[in-house]
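need a structure here:
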Amino acid sequence: MWRPQLFIQRTSVGLDVQARSIVGCAIDEHTGEMVHRRFGYDPGEVIAWVKALPGPQDVVYGAGPTGFELARQFAASEVRCAVAAPSKLQRPSGDRVKTDARDAEHLARLLRLGEITAVRIPTREQEAARDLVRAREDTRTDLMAARHRLSKLLLRHGLVYDGKTTWSREHESWVRRQRPDLPGAAAAFDAAYETVAQIASRKHRLDLLIQQAAAQDDEYAPVVARLGCLRGISTLTGYALAVEIGDWHRFIGNTIGAHLGLVPAEYSSGSSRVQGAITKTGNGHARRLLVHLRATAVRGTDDAGPSTLLRVSSGRGRGCRPPHGARHRSTHRTHAGTGR
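Down below sits the predicted model:
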């Protein structure tokens, strides 16, 4: 993880980036002069202003919905730019006034002191792969919600499925045969069932695209192949983990759990030590996959642990060969569970 160095830059620039505006604050290290500037969302104008400041310049802005495109444009212009992790920005508890200008100044001061924790800036190709994986994740969530709405609609009308497994082929065949008597309820059933069918079709298309990308992407294919050695990891799950975590060499066994929010919270002082639930900070998408893998893995194995995933995916461990038959059964369960 890259951190700006102390007192290398001549000018520290903090940017508060919004959808339609950018507010900048520049601090000259030699003179102490502070300059504020407001722009529309015009990266070219912002870059020109920064390059006109006394150099060398360092720039930082907070990670958020505006993404990494501005940082890439700064890099193309040979200006060093970091994207700060918002959860790591230190702010006094008594500071109750928040404006765009004050946020930009706060970032510039932290950059000047070397107190910025920067996030990794993905390439456009890496971000596109992540968008594909998260589109599938959003579709999975939408499908689960649509199925719940349909099943609860049938339940309200006294139509209850007696089988053991819902949304299997038998259950879907049973759902298609059900239809409430009243016209309004029948119309609601048709709309809910049509929604489930459309979302399921969209998820299937995304599954095929991900499987194709996992096979053809030179950057992620080796990692997906190594992760596939572990019990319970399908191509979809392996590709999602590879995309979400990115560069596995950034971590060691003691740090990847903290990055994914899988370490316990702690409230200790003096001789008292109190640990709570896991922190749930960091990448929630990868954490959900690991939690699900851990829950579905065969008992008595540690195949789904973060340290094992790190060792296998980065090529640090010895080659592995899945037990005969066991991986395929567990992978089927995991794939089915993550696909619902």
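
Mind jotting down where the helices sit in the chain?
43-52, 69-76, 100-113, 124-156, 169-177, 183-216, 221-227, 235-245, 256-259, 284-296, 306-313, 326-339 (DSSP state H).

which of those helices is buried the deepest?
helix 235-245 (a mean of 24; mean count of other CB atoms under 10 Å). Glycine gets a C-beta too; all of them are placed from N, C-alpha and C.

which residues are contacting that helix?
Helix 235-245 is contacted from outside by 126, 129-130, 132-133, 136-137, 207, 210-211, 213-214, 220, 223-225, 227-228, 233, 251, 256, 283, 285-286, 289-290, 293, 309, 313, 334-335, 338-339, using CB atoms under 8 Å, 6 or more residues apart in numbering.

Could you work out the end-to-end span of stretch 248-259 for me?
Taking CA to CA, to the nearest Å, stretch 248-259 runs 11 Å from one end to the other.

And stretch 33-46, by the same measure?
In stretch 33-46, first residue to last residue: 19 Å (CA to CA).

Could you give me the buried positions within that stretch?
By neighbour count with 16 or more other CB atoms under 10 Å, stretch 33-46 contains the buried residues Arg37, Phe39, Pro43, Val46.

Grab the two from those that are most spread out in space.
Maximum pairwise distance among the buried residues of stretch 33-46 (CB to CB): 13.8 Å, between Arg37 and Pro43.

Gly246: which of the buried residues of stretch 33-46 is nearest?
Pro43 (24.1 Å).

how near is that closest one to Glu69?
Distance of Pro43 to Glu69, computed by CB to CB, to the nearest Å: 7 Å.

swap in Ile121?
Distance from Ile121 to Glu69, by CB to CB: 10 Å.

Same check on Gly257?
Per CB to CB, Gly257 is found 31 Å from Glu69.

again with Phe251
From Phe251 to Glu69 the distance is 26 Å (CB to CB).

same check, this time on Val133
19 Å.

Same check on Glu105?
Glu105 is 24 Å from Glu69, by CB to CB.

so Phe251 sits right up against His259, yeah?
Yes: look at Phe251 against His259 with CB atoms under 8 Å: they come within range, at 6.2 Å.

Thank you kindly, that will do.
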